[in-house]
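**Q** I would like the atomic coordinates for the input below:
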Amino acid sequence: MSSEGTAPPPDLPITQRMTSWFDHESAAVVTILFGLFQVLLSVPLVYAAPIDMPKFFVLPLFIGILIVTGGSLAMANERSPNRYLLQGCVCSNIISLLGAVIAFCLYCVSISNIPKDEDCISVDCPLELLMKYCMSILILLVFYDAGAIIMNSILSVMSLRELKRG
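**A** The predicted structure is shown next:
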C-alpha cells in the first residue's frame, strides 16, 4: 500500500517543500533548549573562565537569554498567530542569530587562546585540569551555539516569509 499525498510534488519551490515537513513548534522547542543549555553552561564558567577573560560567563548567559526569547516568541506565534507577535519573532530571531554568530566566533577564539602550561611536571596539575575543564565547556558551547545558529536561521527565514505573505 502506497500512501499518496504524503510527499509533496517535486516541482514546488524549496520553501514550500520545507514547510510540508517542517514543524515550527518542534523547532521553537529545540531553539529554547539550545538557549537554556547555554545559560546553564554559563554557571560553571563563572569559576572556570579563561584567565585572560574573567567576565567571560556573561556572553553565554546573554546569548542564551536571546536565543530562549527568540524560541519563545516563535512558539507563542505558532500557538496564537498575531502580526505583532510575528514581527517580534522575526526581530528576536534575527538579533539572536547575529548574537549567536558573534558568540560562535568568540568561543572559537577563546578555545584557541587557552594557555598550555608546560611548567607542570605532574600529570594532575590543577591549572592544567582547570584549563581542560574550561576547554570542554567551551567546546560544548560551540556545539550548542552552532545548533542555535541553524535553528534561528531557519526560524528567521520562515518568519520573514510568513510576514511577507501577510
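**Q** Could you use CA atoms for every contact and neighbour count after this?
**A** Noted.
**Q** Show me what the longest helix seen in the chain is packed up against.
**A** Counting by DSSP state H, the longest helix found in the chain is helix 126-165. Contacts defined by 3 or more C-alpha pairs under 8 Å, 6 or more residues apart in numbering; DSSP states H and E place helix 126-165 against helix 24-48, helix 58-79, helix 83-112.
**Q** mind checking pLDDT for the residue nearest to the spatial centre of the chain?
**A** Centroid check for the chain by C-alpha atoms, centre = their mean gives A148 as the closest residue, at 2.0 Å. pLDDT recorded at A148 is 90.
**Q** how close does it get to L138?
**A** Distance from A148 to L138, counting by C-alpha to C-alpha, to the nearest Å: 15 Å.
**Q** next one: R165
**A** In this structure, R165 and L138 are 40 Å apart, going by C-alpha to C-alpha.
**Q** Looking at those two, which one has more neighbours?
**A** Neighbour count, other C-alpha atoms under 10 Å: between R165 and L138, L138 has more, with 24 against 7.
**Q** Tell me if I'm right that Q87 and E162 touch.
**A** No. Contact status for Q87 versus E162: not in contact, 9.8 Å apart, counting by C-alpha atoms under 8 Å.
**Q** Those two: which is more packed in?
**A** Higher neighbour count among Q87 and E162: Q87, with 17 against 14, using other C-alpha under 10 Å.
**Q** check contacts around the closest residue to the more buried one other than its chain neighbours.
**A** Closest residue in space to Q87, ignoring its immediate chain neighbours: L163 at 7.2 Å, by C-alpha to C-alpha, 6 or more residues apart in numbering. Contacts for L163 (C-alpha atoms under 8 Å, 6 or more residues apart in numbering) come out as R83, L86, Q87.
**Q** Check L36 too.
**A** By C-alpha under 8 Å, 6+ apart, the residues touching L36 are G64, I65, V68.
**Q** again with A76
**A** The contact partners of A76, by C-alpha under 8 Å, 6+ apart, come to L85.
**Q** G166: neighbouring residues, count only.
**A** Using other C-alpha under 10 Å, the number of residues around G166 comes to 7.
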